[in-house]
Structure formats: C-alpha cells, structure tokens
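*Asks:* sequence and predicted structure are below.
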Amino acid sequence: MGLSEFKLGIYDLLGLIIPGLIIICEVWVTLAGRVHFADSITSLSGVAFTVLLLVSFGLGHLIQESADKLIKWIFGDRIFKIGRDKFWPTDEGNQIRLIIAKDLGEEIPTADAAFDFCLTKIGDRFPKRDAFIATSDLCRSFVILAVIGIVPGFRLVLDQEASFHGILVFGLPILGILALIGYLSWTRMKRFRELSEVTVFRTYLASVAVSHLKPDNGETGEA
C-alpha cells in the first residue's frame with residue numbers, strides 16, 4: 001500500500017498527530033527561539049511537512065503513553081474508569097445488572113466485566129465512542145503538554161531581553177494561559193471519558209428495549 005492510500009482515523013489525527021506536532025513545536029521554540037521557529041515553520045517544503053507529520057504521528061504515541069502512565073501514577077489506575085465506577089452502583093446500573101443476568105444467564109459482578117459485555121453486545125450502535133475517546137485522549141495530552149509548555153514559555157520570556165518587571169508582565173500571562181489550558185483540558189478529558197463509558201451501558205439498555213419491542217409490532221415476528 002502506497003502513502004497515497006494511507007488513511008487517517010479520527011484518533012490518529014486528534015489523539016496522535018496533533019499532540020506530536022505540539023511537542024515538536026515546544027521543543028523547537030525551546031531550542032531555537034521564537035523568531036527562528038517562526039521563520040523555519042513558514043518555509044517548510046511539502047516533503048518536510050510530510051516528514052513532520054510522520055514524526056508527529058510517532059511522537060504522539062509516546063505522548064499518550066507518557067500521559068497515561070503519569071496520570072495513573074498520580075491519581076490511581078481507575079482514573080479513566082471513573083465513569084463506569086460511578087454508574088455501576090446507581091439504580092440505572094442495578095437495572096443493567098439485572099438485564100445482563102437475564103441475557104447472559106448469570107450475574108456479572110464487576111463494572112469492568114459488565115462494560116466489556118455491553119460494549120461487545122452493542123457492536124457498532126455507538127459510533128461516536130471513537131470520537132469521545134479521541135477527544136478525551138487529546139485533552140489528556142494537552143494536560144501534559146501544558147506542563148511541558150512552561151519550558152518554551154520560559155524561553156519566550158528570555159527572548160524579550162526585558163527588565164525584571166517586563167519579564168513578570170510577559171511571563172505571568174503565559175503561566176496563566178498554560179494553567180487555564182491544563183485545567184480546561186483536564187475537565188474536558190474527564191467529561192468525554194465518562195461519556196464514552198456511561199453511554200455504552202445506556203446504548204445496551206436501549207438495544208435490549210428495542211429487541212423486546214420488535215416482536216410486538218410484527219417487524220420480526222413470523223407470519
């Protein structure tokens with residue numbers, strides 16, 4: 001298969017290429033400075049830009065893996081499964097548990113097992129899940145990239161060659177922007193991760209309800 005036939009999925013773009021591009025730009029600014037970075041990025045040839053995208057794709061994997069490991073190390077292994085953990089003890093979760101027991105013939109004791117079962121049963125009925133996961137992981141990488149962004153931010157401050165007061169005037173807004181990006185990214189990461197989990201259970205519940213209704217309206221019943 002040639003490069004012309006290579007197709008990118010939504011996760012490849014949001015979850016890998018964009019974070020990879022950002023980390024390259026951060027390192028570039030840190031090493032070369034703002035002026036040299038701006039001149040270089042605007043004069044990239046088509047071939048160089050293609051190579052940049054390929055490198056970004058590879059670095060995106062490293063960024064996502066690093067973000068996953070670091071966040072789990074700080075907040076625990078269940079941080080990305082909070083949605084199913086919160087949903088499972090609720091009344092709606094108990095309803096799902098009873099339906100699964102009837103469908104499977106035995107109870108499923110854990111939220112993880114129930115989630116995997118429901119995800120398998122719904123098949124392609126929840127196509128937006130890929131977009132939710134990609135958005136969540138993109139925001140997860142932004143959290144880490146915002147922290148790393150302090151380094152190129154410091155380089156931008158040094159490039160100003162200003163007085164101490166000028167450094168504060170220029171540097172504090174950069175820190176504020178990075179902090180805001182990190183906070184909003186963290187909030188959005190959790191929200192879309194929860195949507196990608198809870199909606200799996202609700203889609204399963206809806207699919208079971210539809211399958212029970214079909215024989216009553218004659219669509220699947222025998223003549």
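*Replies:* Thanks, I have the structure now.
*Asks:* low-confidence stretches in the protein?
*Replies:* 1-8, 161-166, 210-223 (pLDDT under 70).
*Asks:* which one's the longest helix in it?
*Replies:* helix 164-217 (DSSP state H).
*Asks:* what lies in contact with stretch 52-59?
*Replies:* Applying Cβ atoms under 8 Å, 6 or more residues apart in numbering, the contact partners of stretch 52-59 are 12, 16-21, 23-24, 44. Heads up, the C-betas are built off the backbone N, CA and C, glycines and all.
*Asks:* just the CA trace of that stretch, in CSV.
*Replies:* Output in CSV follows, covering the C-alpha atoms of stretch 52-59 (Å, rounded to 0.1, in the frame of the first residue of the first chain):
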residue,chain,number,x,y,z
LEU,A,52,7.0,16.4,10.2
LEU,A,53,3.6,14.7,10.2
LEU,A,54,5.1,11.3,10.2
VAL,A,55,7.4,12.2,13.1
SER,A,56,4.4,13.7,14.9
PHE,A,57,2.5,10.5,14.5
GLY,A,58,5.2,8.6,16.2
LEU,A,59,5.8,11.1,19.0
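*Asks:* distance from the chain centre to that stretch, please.
*Replies:* Distance, stretch centre to chain centre, for stretch 52-59: 18 Å (Cα atoms, centre = their mean, to the nearest Å).
*Asks:* what does stretch 167-177 contact?
*Replies:* Contacts for stretch 167-177 (Cβ under 8 Å, 6+ apart): 150, 153-154, 156-157, 160, 162.
*Asks:* how near is the residue nearest the centre of the chain to residue 13?
*Replies:* Nearest residue to the geometric centre of the chain (Cα atoms, centre = their mean): residue 137, 1.5 Å. Per Cβ to Cβ, to the nearest Å, residue 137 is found 11 Å from residue 13.
*Asks:* might you report the residue contacts of the closest residue to residue 135 other than its chain neighbours?
*Replies:* Spatial nearest neighbour of residue 135, excluding adjacent residues (Cβ to Cβ, 6 or more residues apart in numbering): residue 192 at 4.6 Å. Neighbouring residues of residue 192 by Cβ under 8 Å, 6+ apart: 132-133, 135-136, 139.
*Asks:* how much space is there between residue 192 and residue 131?
*Replies:* With Cβ to Cβ as the criterion, residue 192 and residue 131 are 9 Å apart.
*Asks:* what does residue 155 give?
*Replies:* 35 Å.
*Asks:* same deal with residue 78?
*Replies:* From residue 78 to residue 131 the distance is 23 Å (Cβ to Cβ).
*Asks:* could you do residue 117 as well?
*Replies:* For residue 117 relative to residue 131 (Cβ to Cβ), the value is 23 Å.
*Asks:* same check on residue 204?
*Replies:* Taking Cβ to Cβ, one finds residue 204 at 19 Å from residue 131.
*Asks:* how about residue 119?
*Replies:* Residue 119 is 16 Å from residue 131, by Cβ to Cβ.
*Asks:* mind listing what residue 181 touches?
*Replies:* So residue 181 contacts 142, 146, 149 (Cβ under 8 Å, 6+ apart).
*Asks:* try it again with 7 Å
*Replies:* Residue 181 is in contact with 142, 146, counting by Cβ atoms under 7 Å, 6 or more residues apart in numbering.
*Asks:* fine, thanks again, bye for now.
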